[in-house]
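Visitor: coordinates for the following, if possible.
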Amino acid sequence: MAKQDKFIAGFLVFQAAAGAATLVWQAIASGVLLVSVLIVVPVTIIAAFVAGIASFKGLAWARKLAIAVFAAQVLSFQTPWFFYSVWLGFQLSISVGWFDSGKIGINLVALAMLAWTMTRMKESKHPAGPDPLADSA
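Guide: Model prediction:
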């Protein structure tokens, strides 16, 4: 496993821990959690943790799950009737808003991690070394 892959796996586990801590802190601080928060955020936290651990174990499907976790965090939007934003761990967002109409934003950290994970997935499909099975027959 390359150092880059270990970093991505560690970042996913960190995000899961930070997301869980944030969820608990919000529950304690506000005394109330919205049903929508209880549906989307725990699923993302569990997916990040599973993707991170599976990535450390070198399981192939872990990168696809990691891509889904990062993709879920990239966009955020808000209208007077609906709000969607998922972030675990680090967030650096750029957003554009309209008076009383809503806003849309992009989480640059999640976008960078999404692009990096997709690049690593592409590289893993085409290793630089020779094929070890080519001369075995």
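Visitor: those helices in the chain, which residues are they?
Guide: 3-30, 35-56, 61-74, 108-125 (DSSP state H).
Visitor: winner for burial among these?
Guide: helix 61-74 (a mean of 20; mean count of other C-beta atoms under 10 Å). (Glycine included, C-beta is placed from N, CA and C.)
Visitor: and that one, what does it pack onto?
Guide: Where contact means 3 or more C-beta pairs under 8 Å, 6 or more residues apart in numbering; DSSP states H and E, helix 61-74 is packed against helix 3-30, helix 35-56, strand 102-107, helix 108-125.
Visitor: nearest to residue 64, of those?
Guide: For residue 64, the closest of these is helix 108-125, at 7.7 Å, according to C-beta to C-beta.
Visitor: and the contacts of that closest one?
Guide: If you take C-beta atoms under 8 Å, 6 or more residues apart in numbering as the criterion, helix 108-125 is touched by 2, 4-5, 8, 11, 63-64, 66-67, 70-71, 73-74, 87, 89-94.
Visitor: same thing but at 7 Å, please
Guide: Helix 108-125 is contacted from outside by 4-5, 8, 11, 63, 66-67, 70-71, 73-74, 90-94, using C-beta atoms under 7 Å, 6 or more residues apart in numbering.
Visitor: how about the residues you listed, which pair is most distant?
Guide: Once C-beta to C-beta is applied, the contacts of helix 108-125 give 5 and 94 as the farthest pair, at 28.0 Å.
Visitor: for the protein, which element, helix or strand, carries the lowest mean pLDDT?
Guide: Least confident helix or strand, the chain: strand 83-84 with a mean of 77, by mean pLDDT, DSSP states H and E.
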